[in-house]
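>>> Sequence first, predicted coordinates after that:
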Amino acid sequence: MTKEEALEYARSRKGDVNSSISLFYAILHDAHPSVVKIFEDRLATMLQASNAIGEKLVGLEPGSREYNEVFSLLQSLSYSGDSAKPSKGDSDG
């Protein structure tokens with residue numbers, strides 16, 4: 001997926017109330033066009049990354065060594081920021 005394809009995908013989902021992308025655009029509804037452009041660029045990058053990860057995982061056998069390595073990497077990335085990592089005192093963590 002190219003960045004242009006990711007942007008086209010995102011923009012095509014603006015009005016789909018069942019899509020989280022519509023929430024993204026609703027929040028930015030009154031934002032200056034240059035701000036929207038910056039956020040759209042970041043969104044496109046995230047869509048590209050998630051698409052690449054999805055394609056990689058689809059080709060892997062669940063439970064295989066490579067699948068487990070990719071899954072482990074994704075878990076570590078999801079907790080890469082101190083504020084995102086649940087602490088022992090959190091009721092959810």
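Arrived safely, thanks for sending.

>>> Model confidence at residue 56, what's the number?
Note on residue 56: pLDDT of 82.

>>> Residue 22 now?
pLDDT, read off for residue 22, is 92.

>>> Can you tell me the element it falls in?
helix 20-27 (DSSP states H and E).

>>> next one: residue 73
Going by DSSP H and E, residue 73 is in helix 65-78.

>>> List the contacts of that helix.
53, 56, 57, 60, 61, 84 (Cβ atoms under 8 Å, 6 or more residues apart in numbering). Backbone N, C-alpha and C define where each C-beta goes, glycine included.

>>> hmm, 6 Å instead?
residue 60 (Cβ atoms under 6 Å, 6 or more residues apart in numbering).

>>> Can you mark which positions in the helix holding residue 22 are buried?
21, 24, 25 (16 or more other Cβ atoms under 10 Å).
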